[in-house]
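Colleague: Return a 3D structure for these sequence lines:
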Amino acid sequence: GSKKDAALKEVEAVFTKHQIPFEILPTVASGDYDFLKTKIHEERITDVVIIGGDGSVNQVVQSLRTEKIRFGIIPFGSGNGFAFAAGIPKNVKKAINIIIAGNSSIVDAFKVNDEFSCMLSGIGFDAKVAHDFATKSSRGLITYTQQSIINFFKAHPYQFEVNVDGFNFFTEAYFISVANANQFGNNVTIAPKASLNDGMLDVVIVQKM
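Modeller: All right, here's what the predicted structure looks like:
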């Protein structure tokens, strides 16, 4: 749409002004960006900037995390939880300025059933909401709230066994979130003290709502 066109024009203008060589490629539906590895090596690419939301960020980083590159984000998704947790503003110009400044930090990541994640993974109620949300054509805060409310009235607690560092217990819970970032997106906080690079994950168990 026109918003994305304006964002791309802004990227082109700033990068050209700073004499930074760049190329803009479309996202791929499969979420597999392995095909870029050869290009990164041959053209000695140093930075990959993702214009998109949490899903795009996760897919690109997963595919290219073994390469010696830095990742930048221009938030353009429905929630942008990862970008907001990292302090990246939604304003395109401000997000580009952070990329130009080039002060990157290492970020933690983890795997659940061999699925890569660098932000938030959940089981139970929030996973159902996320799954239903992903199938909707219009995706924003209103859709997310709508899906949350619909699922809230259908919600029932699940039985979980939790084993953390040898500490083992059974619990009933609506959902469990494993959080590396502090929020779901749109500044809706789930784990206020979660940090993207402290080498730890926050496990949040929600028993009653």
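Colleague: Identify each buried residue in stretch 111-120, please.
Modeller: Residues of stretch 111-120 classed as buried by neighbour count (16 or more other C-beta atoms under 10 Å): 117, 118, 119, 120. Quick note: C-beta positions are derived from backbone N, CA and C, even for glycine.
Colleague: Tell me where the model's unsure across the protein.
Modeller: 126-148, 150-153, 186, 209 (pLDDT under 70).
Colleague: Kindly recompute the last result at 80.
Modeller: 1, 78, 125-156, 183-190, 208-209 (pLDDT under 80).
Colleague: in it, which spans are helices?
Modeller: Assigned by DSSP state H, the helices in the chain fall at 2-17, 36-42, 54-64, 81-85, 92-101, 125-134, 141-154.
Colleague: As a markdown table, those helices with distance to residue 193 and mean neighbour count would be great.
Modeller: Shown next, in a markdown table, are those (distance: least, C-beta to C-beta, whole Å; neighbours: other C-beta atoms under 10 Å):
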| stretch | distance to residue 193 | mean neighbour count |
| --- | --- | --- |
| helix 2-17 | 32 | 13 |
| helix 36-42 | 35 | 12 |
| helix 54-64 | 20 | 20 |
| helix 81-85 | 12 | 25 |
| helix 92-101 | 23 | 16 |
| helix 125-134 | 18 | 18 |
| helix 141-154 | 23 | 14 |
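Colleague: how about these, which one is nearest residue 207?
Modeller: helix 125-134 (11.3 Å; C-beta to C-beta).
Colleague: quick check, nearest of the buried residues of stretch 111-120 to residue 26?
Modeller: Proximity to residue 26 was ranked across the buried residues of stretch 111-120 by C-beta to C-beta; first place goes to residue 118, at 22.1 Å.
Colleague: and the end-to-end length of stretch 12-28?
Modeller: 21 Å (C-alpha to C-alpha, to the nearest Å).
Colleague: How far does that stretch sit from its chain's centre?
Modeller: Remark: stretch 12-28 is offset 22 Å from the chain centroid, using C-alpha atoms, centre = their mean, to the nearest Å.
Colleague: Go ahead and name everything in contact with it.
Modeller: Stretch 12-28 is contacted from outside by 8, 11, 36, 52, 56, 59, 93, 96, 100, using C-beta atoms under 8 Å, 6 or more residues apart in numbering.
Colleague: Look up how far residue 42 lies from the third one.
Modeller: For residue 36, the distance to residue 42 equals 11 Å [C-beta to C-beta, to the nearest Å].
Colleague: Kindly report the same for the second one.
Modeller: Here the distance between residue 11 and residue 42 works out to 23 Å (C-beta to C-beta).
Colleague: same check, this time on the fourth one
Modeller: Computed as C-beta to C-beta, the residue 52 to residue 42 distance reads 25 Å.
Colleague: Also the last one?
Modeller: Residue 100 is 25 Å from residue 42, where distance means C-beta to C-beta.
Colleague: Over to residue 120?
Modeller: Between residue 120 and residue 42 the computed distance is 35 Å (C-beta to C-beta).
Colleague: And for residue 180?
Modeller: Using C-beta to C-beta, we find residue 180 at a distance of 32 Å from residue 42.
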